[in-house]
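Visitor: quick one: sequence plus predicted model below, questions after.
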Amino acid sequence: MATELEVANREATQRIWEIIESGNLEDLREVLHDDVVLRVPGKEEMQGIEAYTEYIETFGGAFPDTTFEVHDLFVDGETVITHFTWRGTHEAEFEGIEPTGESVAVTGMTINRFQDGKAVEDINIWDNLSFYEQLGLMESPG
């Protein structure tokens, strides 16, 4: 049986996904600590809600039809792990990559650590190789 803390952290994690998908990023203040740490594959660690929001805006600008399908949420106290599929169409420049018009679907996981009801850490792990392959920037090995 989940504790009240685990239920609250599950709901906060679901809210993070809803806010990011909606694009109403100011609402992230409801569920993220001001000094949240964001870790993304291939990037330096980003700290603070402003850096977090800026990164999400960059992604949303390049992939404006972004959606998330959450497959599983696992909660253990202050930690929530989410298995998801992210989908979007590359319609604007992203990290120096001109728009390809390609639609992508990438699976991944996040690990959110909570403190006092807000996420203080957000670790993202996803299939970068598949992402670049689907954009037509890399060929599949073998």
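Guide: Structure received.
Visitor: quick one: low-confidence ranges for this protein?
Guide: Low-confidence segments of the chain (pLDDT under 70): 142.
Visitor: tell me which residue is most central in the protein.
Guide: By C-alpha atoms, centre = their mean, the mean C-alpha position of the chain lies nearest to N124, the distance being 6.5 Å.
Visitor: in three-state terms, label the residue lying closest to N9 once chain neighbours are set aside for me.
Guide: Nearest residue to N9, sequence neighbours excluded (C-beta to C-beta, 6 or more residues apart in numbering): F114, at 4.7 Å. C-beta coordinates here come from the backbone N, C-alpha and C atoms, glycine included. Secondary structure, DSSP: H, G, I helix; E, B strand; the rest coil: F114 is strand.
Visitor: isn't F114 right up against E78?
Guide: Yes. F114 lies in contact with E78 (C-beta atoms under 8 Å); the separation is 4.8 Å.
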